[in-house]
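*Asks:* predicted structure and sequence below. I'll ask about it afterward.
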Amino acid sequence: MPQRAYRARMHLPVELVLAALIPALLSPLLFWRLVSLLVRSRRLEAAMWELATFDHLTGLMNRRAFIDQAKECLEIALAEGEPLSVLVVDLDDFKRINDRHGHACGDEVLRVFGDLARDRASEAPCGRMGGEEFWFLLRGVGRNGALAFADSLHRTIRDTAVCCDERRLRWSASIGIAVTPRGYDGTLEQLFRRADQAMYQAKRAGKNRTVVHVETAVA
C-alpha cells in the first residue's frame with residue numbers, strides 16, 4: 001500500500017508538469033519583456049506630452065499650453081490682489097526676412113528668439129502663439145516692471161547676432177503691454193486683446209519699440 005501510494009504521486013500528468021515548469025523557465029524573459037514595454041510606453045507618453053505642449057522649432061510653449069498657464073496665472077493674480085502683465089512680442093519685417101534670405105534664415109531667427117525667451121523662463125514664461133508672435137507673462141509685475149523687461153528684451157535682441165548668408169542680420173521686435181488694473185474683473189481674452197492692440201500701435205509708430213495699453217475713459 002505505501003509503495004502504490006508513492007508511485008501514484010510520481011506519475012503526475014504531463015500538462016501539470018508543463019504548467020508548472022514553463023512559467024518558471026520563461027519568467028526572466030517575460031519580466032524583461034514587460035520592463036522593455038513599460039520603458040517604451042513611458043518614453044512614448046513623454047514624447048506625446050512634449051509634442052502637445054511645446055513648439056517644435058523654438059522649444060517654447062505652444063499656444064494651447066501657454067493659454068492654460070495664463071489662465072492659472074490670472075486666477076492667482078486676482079485671488080492675491082497682485083498685478084499681471086502680458087507682453088505681446090512680434091518680430092519686425094519677418095516676411096521680408098523670409099523673402100530676402102529664405103525660410104531657413106527665418107527659422108533661425110525664430111530659434112534664436114526662442115533661446116532668448118527660454119533664458120528668461122523663470123522670470124517670464126513665454127509661448128509662441130503662431131508665426132513670429134510670442135507672448136510673455138509677468139506675475140506680480142506692474143507697468144514699470146513690464147517696461148523694464150521689454151527694454152531689456154529690446155537690448156538683448158539688438159546685441160544678439162543672427163547670421164544669414166554669412167552676413168549679420170539686423171532684426172528687431174515690436175512689443176505691446178497690457179497690465180491688469182486694480183480690481184480687474186475682465187477676462188483673459190480681453191487682457192490679451194489689449195496687449196495685442198498695443199503691439200499694433202508700436203508697429204504703426206515705427207516698429208522696434210514698446211507701447212503700453214492705456215484705458216480710455218468712456219463719456
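*Replies:* Thanks, I have it. All of these numbers come straight from a predicted model, not from anything done at the bench.
*Asks:* mind jotting down where the helices sit in this structure?
*Replies:* The residue ranges that make up the helices of the chain, judged by DSSP state H, are 2-10, 14-53, 63-80, 94-101, 103-119, 143-159, 188-204.
*Asks:* got the end-to-end distance for stretch 79-88?
*Replies:* Chord length of stretch 79-88, first to last residue, is 24 Å (C-alpha to C-alpha, to the nearest Å).
*Asks:* actually stretch 83-97, sorry about that
*Replies:* Using C-alpha to C-alpha, the gap from the first to the last residue of stretch 83-97 comes to 36 Å.
*Asks:* now swap in stretch 169-186 and tell me
*Replies:* According to C-alpha to C-alpha, stretch 169-186 extends 40 Å from its N-terminal end residue to its C-terminal end residue.
*Asks:* buried stuff in it?
*Replies:* By neighbour count with 16 or more other C-beta atoms under 10 Å, stretch 169-186 contains the buried residues 169, 171, 173-180. In short, each C-beta sits where N, CA and C put it, glycine included.
*Asks:* with stretch 185-194 instead?
*Replies:* The neighbour-count criterion (16+ other C-beta under 10 Å) identifies 188, 191-194 as the buried residues of stretch 185-194.
*Asks:* you'd agree Glu215 is up against Thr180?
*Replies:* No. Checked against C-beta atoms under 8 Å, the pair Glu215 and Thr180 is beyond contact range at 11.2 Å.
*Asks:* residues in contact with the most centrally placed residue in the chain?
*Replies:* Central residue check for the chain by C-alpha atoms, centre = their mean: the C-alpha nearest the mean position is that of Met61, 1.3 Å away. Met61 makes contacts with 53-55, 69, 125-128, as judged by C-beta atoms under 8 Å, 6 or more residues apart in numbering.
*Asks:* reformat those as a markdown table; add pLDDT and distance to Phe94.
*Replies:* Output for the contacts of Met61, formatted as a markdown table (pLDDT from 0 to 100; distance: C-beta to C-beta, whole Å):
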| residue | pLDDT | distance to Phe94 |
| --- | --- | --- |
| Thr53 | 78 | 24 |
| Phe54 | 86 | 21 |
| Asp55 | 93 | 15 |
| Gln69 | 94 | 25 |
| Pro125 | 95 | 22 |
| Cys126 | 96 | 17 |
| Gly127 | 96 | 17 |
| Arg128 | 96 | 13 |
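*Asks:* got the domain ranges for the protein?
*Replies:* If the domains of the chain are taken from automatic domain parsing, they occupy 1-53, 63-212, with pieces of a single domain joined by a plus sign.
*Asks:* quick one: Glu189 from Leu57, how far?
*Replies:* Using C-beta to C-beta, to the nearest Å, we find Glu189 at a distance of 26 Å from Leu57.
*Asks:* correction: Ala178
*Replies:* Ala178 sits 26 Å away from Leu57, going by C-beta to C-beta.
*Asks:* by mean pLDDT, flag the weakest helix or strand of this structure.
*Replies:* Taking all helices and strands of the chain together, the one with the lowest average confidence (mean pLDDT, DSSP states H and E) is helix 2-10, at a mean of 45.
*Asks:* okay then, goodbye and thanks.
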